[in-house]
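Student: What follows is a protein structure lacking sequence information:
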């Protein structure tokens, strides 16, 4: 109780002295504000970015392997037999070849020449819930190379606006295709890496798309991992089969495991976040030195006051506590302001970057903890100096 | 004067104080013997450089002697730590300085309250005593004034109120009228007389024999030696 009252008294005196030197206190605080704000903003922004990336990856990546079959000079891509063989590999729940090309679509009398044609199999629609109207492709479409297609929202908006979509016929590569389904536009982060036509995307049976490209074989496919299997195991199984297919030729294929990619991306972002926070904490260090400087000046300026307080009965520990609290109050107020400014910056930045703002209590605690530590560490020496002043010398000072 | 041993509140035996200045050692106090009894009004008279400030610092427990024994209210001062010296100053000594030494950014009330804060006195008691003391020195209507809103005489009275709050054993005044004009100086002396008549022990350090003559007993200090007695010259 008694010591609590002492702390409260010293706290009051500290606050009074800070208020008495508003401008100087504010400028000193600024260093801490900037340091803490930078730490908070960086951690929050990176965390928001990383969360967005991870959630998008898991949307499309979980349980999916991507195979790129570059092939060899002797054997390009994968034949139908190869695909069959791959689909029977242990742990594979299904495969969907991917053929992608740019093309021109004609609707009515108008040609739209920036359309992406994606060839897929029926398996793709089993594993991707993207149809918003009509139907996806089925096994018969693939088997018979039916001339049907699924268009995305963008295509509907650009090409079909004002016309009935399902059942309409468009010309792709000179062939008539009937629209049987609509999918939502792929606006995941991953789609940013693959170029998508300005006039939208049209999905057709992959064999039809292959024909449009003039290639005989599939070079890219998605493999869906069956329930109960680990992606990495299935990836190994696929590799051994593909080694067989390509006679162990170097660089003939690649199996991309999204989960591994995701994990390494996550750890890279984590490292980035730590590194940025580390750099930002240099600002905190500088802020701390600023506080120390101000406290030393303050002790020198108030030598006489310290002497008087000692003459009136202030114990050395009491003087030390007062000055230490002053430094702590200064830096913690700076820390609180820094947290607010940092969160504000993060909110603005995440909305500009179109990532999610995630309030990170850890970052806030870190910021406040840092500022408290800075106050104690850099306030200690000046406070000690004040407590050791000889009251006679101090009283005599002018 | 045959006071009992209990009445002696301050006792000095062979107090010396040396300062080392470069290679030279200057002996500022050369063996001071002094006894002060409860209720005395003592003036220590001496010119500047006589060692009277050093003596005051030692009496006020702001400094410790190089040699000799100093007992204040039964406590041996030389052996005390910094912390206990602070506590002794707080409880035993009420300082009054030539230049008042008030905290400029605090009101008269806050200035007077300060020693009681350091004594950890409960707030209610603190406030009541602060009010009482300021009224005693005639500043009951100026409690919320800041030092720069008060005249020199008023400031010195705030300082006296501050010196009295802890009900100290000794009121220790260092040239209390040095920064005041004759009239206000006289008022301060009047206040000292009043306090002394209430039984307060006062030790006043001064170079001014006129001021010293207000005291009931005068000791003279010259070149670090003390001599008892009335004045021979002014």
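Tutor: Yep, it's here. Given the structure is predicted, the values throughout are model-derived calculations rather than measurements. Numbers count the residues shown, from 1 in each chain, chains lettered A, B, ... in the order given.

Student: I'd guessed residue B:211 sits against residue B:41; true?
Tutor: No. With contact defined as C-beta atoms under 8 Å, residue B:211 does not count as touching residue B:41 (11.8 Å). Heads up, the C-betas are built off the backbone N, CA and C, glycines and all.

Student: Need the overlap of contacts for these two.
Tutor: Common contact partners of residue B:211 and residue B:41 (C-beta atoms under 8 Å, 6 or more residues apart in numbering or on different chains): residue B:204.

Student: Can you give me the pLDDT of residue 194?
Tutor: Since you didn't name a chain, this refers to chain A. pLDDT recorded at residue A:194 is 55.

Student: Hmm, no, I was thinking of chain B.
Tutor: Looking at residue B:194, its pLDDT stands at 94.

Student: Next secondary structure element downstream of whichever strand or helix holds it?
Tutor: In this assignment (DSSP states H and E), residue B:194 forms part of helix B:182-197. Next helix or strand after helix B:182-197 toward the C-terminus (DSSP H and E): strand B:201-206.

Student: what's the helix or strand just after that following strand packed up against?
Tutor: Remark: after strand B:201-206, the chain's next helix or strand is helix B:209-212, criterion DSSP H and E. On a contact count with 3 or more C-beta pairs under 8 Å, 6 or more residues apart in numbering or on different chains; DSSP states H and E, helix B:209-212 meets strand B:41-45, strand B:201-206.

Student: How about the very next helix or strand once past the shortest one and chain A, any contact?
Tutor: Secondary structure here is assigned by DSSP H and E; on that basis, the next helix or strand after strand B:41-45 toward the C-terminus is helix B:52-59. Yes. Contact between helix B:52-59 and chain A, assessed by C-beta under 8 Å from any C-beta of the partner chain, occurs at residue B:57.

Student: can you tell me if the helix or strand just after helix B:52-59 touches chain A.
Tutor: Note on helix B:52-59: by DSSP H and E, the next helix or strand toward the C-terminus is strand B:67-72. No. Residues of strand B:67-72 are not located near chain A by C-beta under 8 Å from any C-beta, the shortest gap being 14.2 Å.

Student: outside of the helix or strand following strand B:67-72, which residues touch it?
Tutor: Next along the chain after strand B:67-72, taking DSSP H and E as the criterion, comes strand B:75-76. By C-beta under 8 Å, 6+ apart, the surrounding residues in contact with strand B:75-76 are B:69, B:70, B:88.

Student: coming back round to it: how about the helices and strands packed on helix B:209-212 in JSON lines, adding mean pLDDT and distance to residue B:24?
Tutor: What follows is the helices and strands packed on helix B:209-212, written out as JSON lines (pLDDT from 0 to 100; distance: least, C-beta to C-beta, whole Å):
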{"stretch": "strand B:41-45", "mean pLDDT": "95", "distance to residue B:24": "26"}
{"stretch": "strand B:201-206", "mean pLDDT": "96", "distance to residue B:24": "26"}
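
Student: Show residues contacting stretch A:215-232.
Tutor: Here stretch A:215-232 makes contact (C-beta under 8 Å, 6+ apart) with A:63-71, A:76-79, A:83, A:86, A:90-100, A:123-124, A:126-127, A:206, A:210, A:234, A:238, A:255, A:257-260.

Student: name the helices or strands packed onto the host helix or strand of residue A:51?
Tutor: Element membership of residue A:51 [criterion: DSSP H and E] is helix A:22-61. The contact analysis (3+ C-beta pairs under 8 Å, 6+ apart) places helix A:22-61 against helix A:189-193, helix A:258-301, helix A:316-353, helix A:361-388.

Student: so who does the closest residue to residue A:310 other than its chain neighbours touch?
Tutor: Spatially, and ignoring its direct neighbours in sequence, residue A:310 is nearest to residue A:391 (4.0 Å; C-beta to C-beta, 6 or more residues apart in numbering or on different chains). By C-beta under 8 Å, 6+ apart, the residues touching residue A:391 are A:307, A:310, A:311, B:62.

Student: Any chance of the backbone angles for the first one?
Tutor: The phi/psi pair for residue A:307 (degrees, to the nearest 10) reads phi -60, psi -50.

Student: tally of neighbours for it?
Tutor: Residue A:307 has 22 neighbours, counted by other C-beta atoms under 10 Å in any protein chain shown.

Student: mind checking how far it is from residue B:70?
Tutor: Note on residue A:307: its distance to residue B:70, by C-beta to C-beta, to the nearest Å, is 21 Å.

Student: follow-up on the earlier one: which of the contacts of stretch A:215-232 fall in strands?
Tutor: Judged by DSSP state E, the contacts of stretch A:215-232 include A:64-69, A:92-97, A:99-100, A:255, A:257 as members of strands.

Student: Smallest gap between chain A and chain B, at which residue?
Tutor: Evaluated by C-beta to the nearest C-beta, chain A has residue A:313 as its residue closest to chain B, separated by 2.4 Å.

Student: Which other helices and strands does the helix or strand residue B:109 falls within contact?
Tutor: In the assignment (DSSP H and E), residue B:109 maps to helix B:108-118. Counting contacts by 3+ C-beta pairs under 8 Å, 6+ apart, helix B:108-118 is packed against helix B:82-92, helix B:123-136, helix B:152-164.

Student: so that helix versus helix B:82-92, what angle?
Tutor: Angle, helix B:108-118 to helix B:82-92, by axes from the mean of the first three to the mean of the last three C-alpha atoms, to 10 degrees: 130 degrees.

Student: Show me the shaky parts of the chain.
Tutor: Looking at chain A here, since you left the chain open. By pLDDT under 70, the low-scoring segments of chain A are A:1-2, A:57-62, A:186-197, A:397-398.

Student: that answer is for a different chain, and I need it for chain B
Tutor: Counting by pLDDT under 70, the ranges of chain B that qualify are B:1-6, B:230-234.

Student: Quick one: name the residues of it near chain A.
Tutor: Applying C-beta under 8 Å from any C-beta, one finds that chain B approaches chain A through B:57, B:60, B:62-63, B:82-83, B:86-87, B:89-91, B:95, B:97, B:101, B:103, B:105-106, B:114-115, B:117-120, B:162, B:166.

Student: Kindly recompute the last result at 6 Å.
Tutor: Residues of chain B found near chain A (C-beta under 6 Å from any C-beta of the partner chain) are B:57, B:62-63, B:82-83, B:86, B:89-90, B:95, B:101, B:105, B:114-115, B:117-118, B:120.

Student: out of these, which one sits closest to chain A?
Tutor: Nearest member of the residues of chain B next to chain A to chain A, counting by C-beta to the nearest C-beta, is residue B:90, at 2.4 Å.

Student: What count of nearby residues applies to that closest one?
Tutor: Using other C-beta under 10 Å: residue B:90 sits among 24 other residues.

Student: Distance check, residue A:352 against residue B:86.
Tutor: Following C-beta to C-beta, the distance that separates residue A:352 from residue B:86 is 58 Å.

Student: nearest residue to residue A:100 other than its sequence neighbours?
Tutor: Nearest non-adjacent residue to residue A:100, counting by C-beta to C-beta, 6+ apart: residue A:118, 5.3 Å away.

Student: Might one say that the one you found is in contact with residue A:203?
Tutor: Yes. Here residue A:118 reaches residue A:203: they are 4.9 Å apart, a contact under C-beta atoms under 6 Å.

Student: picking that back up, okay, the helices and strands packed on helix B:108-118 in TSV with distance to residue A:343 next?
Tutor: Output for these, formatted as TSV (distance: least, C-beta to C-beta, whole Å):
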stretch	distance to residue A:343
helix B:82-92	44
helix B:123-136	38
helix B:152-164	47
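
Student: quick one, phi/psi of the closest residue to residue B:30 other than its chain neighbours?
Tutor: Nearest residue to residue B:30, sequence neighbours excluded (C-beta to C-beta, 6+ apart): residue B:224, at 4.0 Å. Dihedral pair for residue B:224: phi 80, psi 10, per degrees, to the nearest 10.
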